[in-house]
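In: Need the 3D shape of this:
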Amino acid sequence: MLTVLVVYFFALLLIARATSKNANSASFFTGNKQSPWYLVAFGMIGTSLSGVTFISVPGSVGAGAWHYFQLVMGFFIGYFVVAYVLLPLYYKHNLTSIYRYLEIRLGFLAYKWGAGYFILSRTLGATVRLYLVINVLQLFVFDEIGIPFWMSTLLIMAMIVAYTLKGGVKTIVWTDTLQTIFMLLALVVCLFALQNMMGLDWSQLWGELHNQGKTELWGTDPLKKDYFLKYILGGAFITITMTGLDQEMMQKNISVKTLKDAQKNMISFAVVLLFVNFLFLLLGGVLYLYAQRHGLTYLPDDLFPSIVQEHLPYGIFVIFVIGLVSALFPSVDGAITALTASFCIDILGFERNQTRNEAQETRTRKIVHLSFALLFTLLVFAFKLKDDKSIIDLIFVIAGYTYGPLLGLFAFGILTKRSTVSSIIPLVCVVAPLACYILDKYAQQWFGGYTFGNEILIVNGFLTFLILFIFSKRKPLGYEH
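Out: Predicted coordinates:
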């Protein structure tokens, strides 16, 4: 197994070496705007479907049937908003950091707070995903060959830094394509292997899943989190914020030469993502049927890896591990690269300060890149030391809240021609998430058992927008958006 992982890693290094020749800041941050749109679209599948998705979506079918697909439908709607509302803005202003739009429209404080929320959100979210997947790899791979958790974490981080440090986005577009291929290969191979071992054709499998309610799609109770309108609306706004207002996801899109090609990338990616999520949910149903037939009981997140390791041929397990690693790397390599770009441009002011030459920018960029890698490593160690699942859940909730102010800031800039009091922005960006936290905490008590789901993001953005509007003036800032 270790040999397979080493060969896989060297394949990534070879791609990095080929794509990072004559690399500079422009290629690191935007790929010189020469990325093929179809490669960006395909590679984004791996970025969107992290290692956590690879494990958790199949496991969710047991309790939630296909309700998750409602969220995916919302994602699909959101991608059209990103393609035809946000991307035109980013290309119009030739942005390297998308948060520069907030400065153009609302001023310097909005710009800094937008970038700051992204850095906080992406750092927490990416490190939690990294920790959870390393835990799975540790349990099923590294423990068996005697590598302790701290060493496996350092090895994985060293691998990611090794192929991203020089080439940045220009490299990631190609490595993510390779990793998406392996992830989808693992998904399809495992699905067909299980179907073959059960001795049922696809119509028989579907019939059993349907009879057991595992293909139920719609949540119909408005008080529950999985109510279909909450999922669809929440999914749309999750896409708008966590893709369209996220530097990591947009950094790859704006590396495409033209707006038209970037839009083709986004829409084709949205269509493919529907089909890929369908396969993950189908796999989850087949896994539960297999477990039921053999009297097996697993926790949801253990279902997929446990059955593959314990009941399928070893060769299938090797493919599964490669798929899991391929799902892990794109969600981390892109995060580190995007965080480096945002910190250099938004915090250190690479685009403002023209006194640095290329050599100085490269040296600073590499220091920032390595610093984020170190921060990721330390946070993973901290999560392991705490080893508390509730802490991880809390961090995901906090990370979700931070996108609300971003949604409100961008919505105010795009939907109005008003200017707002600049000094109010820091207060708004704190008050709106805090108010939503209190609202979520007491919702069942105040609203007759109502439970907030993904729509809390919409409420968060609306509160931000509303407060900005209250303190706004009719006179625009002199910018026609």
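In: Send me stretch 255-262 as PDB with only the CA atoms.
Out: Taking Å, rounded to 0.1, in the frame of the first residue of the first chain, the C-alpha atoms of stretch 255-262 are listed here in PDB:
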ATOM      1  CA  SER A 255      -7.500  31.500 -14.200                       C
ATOM      2  CA  VAL A 256      -9.500  30.700 -17.400                       C
ATOM      3  CA  LYS A 257      -8.700  33.200 -20.200                       C
ATOM      4  CA  THR A 258     -12.200  34.500 -21.000                       C
ATOM      5  CA  LEU A 259     -15.500  35.000 -19.200                       C
ATOM      6  CA  LYS A 260     -17.400  32.900 -21.700                       C
ATOM      7  CA  ASP A 261     -15.000  29.900 -21.100                       C
ATOM      8  CA  ALA A 262     -15.300  30.400 -17.300                       C
END
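In: Number the residues from 846 up from this point.
Out: Fine by me, first position is 846 from now on; the one you just mentioned is stretch 1100-1107.
In: In it, which residues have enough neighbours to count as buried?
Out: 1100-1101, 1104, 1106-1107 (16 or more other Cβ atoms under 10 Å). Just so you know, the C-beta spots here come from the backbone N, C-alpha and C atoms, and that holds for glycine as well.
In: Check those residues and tell me the two furthest apart.
Out: Largest separation among the buried residues of stretch 1100-1107 by Cβ to Cβ: 1100 and 1104, giving 12.5 Å.
In: mind listing the strands for the chain?
Out: Using DSSP state E, the strands of the chain run over 1264-1265, 1317-1318.
In: Sheet partners, orientation included, of the last one?
Out: Each strand that pairs with strand 1317-1318, with its direction, by DSSP bridges: strand 1264-1265 (antiparallel).
In: Quick one: mean pLDDT for the partner strand?
Out: For strand 1264-1265, the mean per-residue pLDDT is 86.
In: How about stretch 861-878?
Out: Here the average pLDDT along stretch 861-878 is 69.
In: residues touching residue 852, list them.
Out: With contacts taken as Cβ atoms under 8 Å, 6 or more residues apart in numbering, residue 852 has no neighbouring residues.
In: Tell me, what's the model's pLDDT at it?
Out: pLDDT for residue 852: 83.
In: Name the spans of the stretch 846-995 of the chain whose pLDDT lies under the cut-off.
Out: The stretch 846-995 of the chain contains residues with pLDDT under 70 at 846, 867-872, 874-878, 895-897.
In: Helices of that one, residue ranges please.
Out: Counting by DSSP state H, counting those that start in this stretch, the segments of the stretch 846-995 of the chain that form helices are 847-864, 870-875, 882-893, 896-909, 913-926, 932-937, 945-951, 953-982, 994-1009.
In: Any chance of CSV for those, columns distance to residue 1243?
Out: Putting those into CSV (distance: least, Cβ to Cβ, whole Å) gives the following:
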stretch, distance to residue 1243
helix 847-864, 32
helix 870-875, 28
helix 882-893, 21
helix 896-909, 16
helix 913-926, 20
helix 932-937, 27
helix 945-951, 21
helix 953-982, 7
helix 994-1009, 22
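In: Go through the ones you listed and name the closest to residue 1022.
Out: For these, proximity to residue 1022 was assessed by Cβ to Cβ; helix 882-893 is nearest, at 4.5 Å.
In: quick check: angle from the closest one to helix 896-909?
Out: Orientation note: helix 882-893 sits at an angle of 60 degrees relative to helix 896-909 (axes from the mean of the first three to the mean of the last three Cα atoms, to 10 degrees).
In: If you count neighbours, what's buried in stretch 1137-1151?
Out: In stretch 1137-1151, residues buried by neighbour count (16+ other Cβ under 10 Å) are 1143, 1145-1146, 1148-1151.
In: Output the below-cut-off pLDDT ranges for the stretch 1146-1295 of the chain.
Out: Where the stretch 1146-1295 of the chain drops to pLDDT under 70, the residues are 1198-1201, 1233-1241, 1244-1245.
In: The same query, at a cut-off of 50, please.
Out: Regions of the stretch 1146-1295 of the chain meeting the criterion pLDDT under 50 are absent.
In: re earlier: deepest-packed of the strands of the chain, please.
Out: strand 1264-1265 (a mean of 22; mean count of other Cβ atoms under 10 Å).
In: ok now that strand, how far from the chain's centre?
Out: The chain centre lies 31 Å from the centre of strand 1264-1265; the measure is Cα atoms, centre = their mean, to the nearest Å.
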